[in-house]
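Engineer: here you go, sequence then predicted model.
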Amino acid sequence: MRSIVSAEDISYTYPQDENQASPAALEHVDIKIEKGEFVAVLGHNGSGKSTFAKHLNAILLPSGGAVYIDNMDTRDQSLLLAIRSRCGMVFQNPDNQLVATVVDEDVAFAPENMGLPPEEIRRRVDACLETVGMTEYRDRAPHMLSGGQKQRIAIAGVLAMEPSILVMDEPTAMLDPSGRREVMSAVLKLNREKGITVVLITHHMDEAAMAQRVIVMSRGKVALEGTPKEVFSKVDEIKSLSLLPPQTVELLWRLDKKGYSLPLDRLSVSECADTLEAFLKAKD
Ligand code: ADP
Ligand code: MG
């Protein structure tokens, strides 16, 4: 039995790059994601994160290797609709994902296109707005909402297809800190309470730290992989991949470099503070 997301040794070169010396956007990438897992994907610009994401719902097809979503081969055209409703995508700019002039019509858009009966559409719209905490805004115009609210409506619109996997490509990149918090709390709820498998591409380390597993990409390949604690404690490697570790780890790492021997795998502010507290007490 395959993992719910199974990218098996995939490679991809953009068509216009084929005759040039440009490197492949993905090279022999092997990524398996289990049902219910929350995986964060990190990497500097151009490392292949979006190209990988687009392989998960058959926007792109691999030039080598294969991608299976819930055992469905993305190269099989007859499975396209099934794959796209199983694996929902959320992108960076919520404005590009909202289609209707009223919030609940927007959320109803996909189930309407799926030809579902009106009562089922209503049930889904109610449930999805509830999940992202936007029920009270259902009669509003999307363009009057904040960035975080719009992105939550975009997520609700994808959830209305009842996907088992949600792939999000930098969904908080255009949001302010409160919008980011709103979106991340909705994402955590979806994963923990609804059991939805989440693939979150982000450049925010604090968001990646919330995942169960972190994958770091570089030059179209997987460069590092492990739990957030495992990955972020490899500070030198993280820096060599042009990324910055969480500020908590950075602080502990700098102290460690100065000769104070400190553990680096303290990602949250409270864990970091406890570690420093214990360290100072021991010095007294
Ligand atoms: P990331 O999302 O990590 O920033 P991408 O997957 O967008 O990286 O890009 C990976 C590589 O593929 C980069 O070298 C980028 O320039 C190239 N690339 C991305 N999109 C296209 C495209 N539409 N056409 C040609 N090359 C592309
Ligand atoms: Mg990208």
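Structural biologist: All right, it came through fine. Ligands and ions are numbered 1, 2, ... in the order given.

Engineer: rest of the way, CA atoms for contacts and neighbours
Structural biologist: Fine.

Engineer: contacts only, for the residue nearest to P142 when sequence neighbours are not counted.
Structural biologist: Among residues not flanking P142 along the chain, V103 sits closest, at 5.6 Å (CA to CA, 6 or more residues apart in numbering). Residues in contact with V103 (CA atoms under 8 Å, 6 or more residues apart in numbering) are 137-142, 153.

Engineer: of those residues, buried ones?
Structural biologist: Among the contacts of V103, the ones that count as buried by 16 or more other CA atoms under 10 Å are 137-138, 141-142, 153.

Engineer: could I get the contacting residues of the closest residue to ligand 1 within the stretch 151-284 of the chain?
Structural biologist: Per CA to the nearest ligand atom, G220 is where the stretch 151-284 of the chain lies closest to ligand 1, at 6.6 Å. Counting by CA under 8 Å, 6+ apart, G220 touches 24-27, 29, 47-49.

Engineer: try 6 Å this time
Structural biologist: By CA atoms under 6 Å, 6 or more residues apart in numbering, the contact set of G220 is 25-27, 47-48.

Engineer: let me know the pLDDT of the residue nearest to P142.
Structural biologist: Note on V103: pLDDT of 98.

Engineer: with Y14 instead?
Structural biologist: 94.

Engineer: please apply the same query to D17.
Structural biologist: We have a pLDDT of 66 for D17.

Engineer: repeat that for P23.
Structural biologist: So, for P23, pLDDT stands at 84.

Engineer: secondary structure element holding it?
Structural biologist: Assigned by DSSP states H and E, P23 belongs to no helix or strand.

Engineer: apart from its neighbours in sequence, what residue is nearest it?
Structural biologist: T13 (7.5 Å).

Engineer: hmm, that neighbour is touching S22, no?
Structural biologist: No: taking contacts as CA atoms under 6 Å, T13 lies outside contact range of S22: 8.5 Å.

Engineer: closest one to M114 out of the buried ones among the contacts of V103, please.
Structural biologist: I153 (18.6 Å; CA to CA).

Engineer: ignoring the adjacent residues along the chain, who's closest to K32?
Structural biologist: S6 (4.6 Å).

Engineer: surely the one you found is in a strand?
Structural biologist: Yes: under DSSP: H, G, I helix; E, B strand; the rest coil, S6 sits within a strand.

Engineer: start at 541, not 1
Structural biologist: Happy to do that; since the first residue is 541 now, the last one works out to S546.

Engineer: what number of residues lie near it?
Structural biologist: Using other CA atoms under 10 Å, S546 has 22 neighbouring residues.

Engineer: residues in contact with the helix or strand hosting L795?
Structural biologist: Using DSSP H and E, L795 sits within helix 787-797. Under the criterion CA under 6 Å, 6+ apart, residues 802, 804, 807 lie in contact with helix 787-797.

Engineer: show me where the stretch 591-740 of the chain has strands.
Structural biologist: 604-609, 612-613, 627-630, 705-709, 737-741 (DSSP state E, counting those that start in this stretch).

Engineer: where does this structure have low pLDDT?
Structural biologist: Across the chain, the ranges flagged by pLDDT under 70 are 557-559.

Engineer: close to ligand 1: what parts of it are there?
Structural biologist: Selection of the chain residues close to ligand 1 by CA under 6 Å from any ligand atom yields 554, 565, 583, 585-591.

Engineer: same thing but at 5 Å, please
Structural biologist: Counting by CA under 5 Å from any ligand atom, the positions of the chain adjacent to ligand 1 are 554, 565, 585-591.

Engineer: also compute the angle for the helix of greatest length in the chain relative to strand 737-741, please.
Structural biologist: Counting residues, the longest helix found in the chain (DSSP state H) is helix 717-734. Counting by axes from the mean of the first three to the mean of the last three CA atoms, to 10 degrees, helix 717-734 lies at 160 degrees to strand 737-741.

Engineer: for helix 717-734, which positions count as buried?
Structural biologist: 719-720, 722-724, 726-728, 730-731.
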